[in-house]
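Asker: Pasting the sequence and the predicted model now:
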Amino acid sequence: MLNMRKTKEEALITRENLLSAALRVFSQKGYSATRLDDIAQAAGVTRGAIYHHFGGKEELFMALVSEREAGVNKIAQQIVAEGGSASLVLRRLLVRLFEYLEEDKQYRALLTLAVNKLEFSEGLESFADQMIQGRRSLISFLEGLVAKGIEAGEFRKTLSPRTTALALSGYLNGMALIWIQDPKNFSIAGRAEGLVDVLMGGLSY
């Protein structure tokens, strides 16, 4: 039993090392130019280990995306679980998303890769679909929060929940893109409160 547990722990460590190595190599070379041998060498394992844990380059990349984005989903779940008014939940969520972008180096590296060195070539259709579904889920969630806030009298009744959710999503993505392309210009975590205050001001009376 002890040996089985040790073997499982070793497999998890190997898997995590492969994910971290893959992120480094993808960030350096881009997706298309990266070979499985490059990742295996960076992780200090054989290429067979990649096939064993993931199956191939696309599967490895998709696992990388899913696991590095898990932190964002966890943040959203925690904030919702904390409860509070729609405006309070929305504000906390937006602030934490901006902060997390700068605080979590792996997540930041993944987004930087997606913006700067990811060619949407053949084999990345799953990633494109996942991006679209993730964006739609976020917009739907924001739409529900805005609708709740309007109903409670926290936000202007003239607002369209759908249009407002689209604008919120665009603001998040836009600010993230500006910071990723020029992170030395300002700290997005340090300015998170102010950035969200500007946004929230347009929702209330």
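Answerer: Perfect, I can see it now. Numbering: from 1, shown residues only.
Asker: ok, and the helix or strand in this protein with the lowest average confidence?
Answerer: Confidence across the helices and strands of the chain bottoms out at helix 2-29, with a mean of 80, counting by mean pLDDT, DSSP states H and E.
Asker: mind checking the SS state of the residue nearest the centre of the chain?
Answerer: The chain has residue 69 as the residue nearest its centroid, 4.1 Å off, counting by Cα atoms, centre = their mean. Following DSSP: H, G, I helix; E, B strand; the rest coil, residue 69 is assigned to helix.
Asker: Now do the buried residues in the helix or strand just after the least confident helix or strand of the chain.
Answerer: Remark: after helix 2-29, the chain's next helix or strand is helix 36-43, criterion DSSP states H and E. Within helix 36-43, the residues that count as buried by 16 or more other Cβ atoms under 10 Å are 36, 38, 39, 40, 42, 43. All C-beta spots, glycine's among them, are computed from the backbone N, C-alpha and C.
Asker: With stretch 91-110 instead?
Answerer: In stretch 91-110, residues buried by neighbour count (16+ other Cβ under 10 Å) are 91-102, 104, 107-110.
Asker: go on, stretch 75-88?
Answerer: 75, 76, 79, 86, 87.
Asker: Let's see which of the residues you listed end up in helices.
Answerer: 75, 76, 79, 86, 87 (DSSP state H).
Asker: quick one: contacts for the first one?
Answerer: When contacts are counted by Cβ atoms under 8 Å, 6 or more residues apart in numbering, residue 75 touches 93, 96, 97, 100.
Asker: Which per-residue confidence value corresponds to it?
Answerer: Looking at residue 75, its pLDDT reads 88.
Asker: Check the last one too.
Answerer: The per-residue pLDDT reported for residue 87 equals 95.
Asker: Hmm, it is touching residue 203, no?
Answerer: Yes - shown here, residue 87 and residue 203 form a contact pair, counting by Cβ atoms under 8 Å, at 7.4 Å.
Asker: residues shared between the contacts of the two?
Answerer: 149, 154, 155.
Asker: what's the model's confidence in stretch 158-168, averaged?
Answerer: Rounded mean pLDDT across stretch 158-168 is 96.
Asker: State the distance from residue 155 to residue 197.
Answerer: Separation of residue 155 from residue 197 (Cβ to Cβ, to the nearest Å): 15 Å.
Asker: now swap in residue 28 and tell me
Answerer: 38 Å.
Asker: tell me the SS of residue 156?
Answerer: Quick answer, by three-state DSSP: residue 156 is coil.
Asker: That one and residue 189: what is the separation?
Answerer: 29 Å.
Asker: Among the buried residues of stretch 91-110, which ones are in strands?
Answerer: Judged by DSSP state E, the buried residues of stretch 91-110 include no members of strands.
Asker: picking that back up, how about the ones in helices among the buried residues of stretch 75-88 in CSV, adding distance to residue 164?
Answerer: Shown next, in CSV, are these (distance: Cβ to Cβ, whole Å):
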residue, distance to residue 164
75, 21
76, 18
79, 18
86, 12
87, 12
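Asker: of all those residues, which comes closest to residue 173?
Answerer: Residue 173 has its nearest neighbour among these in residue 76, at 15.6 Å by Cβ to Cβ.
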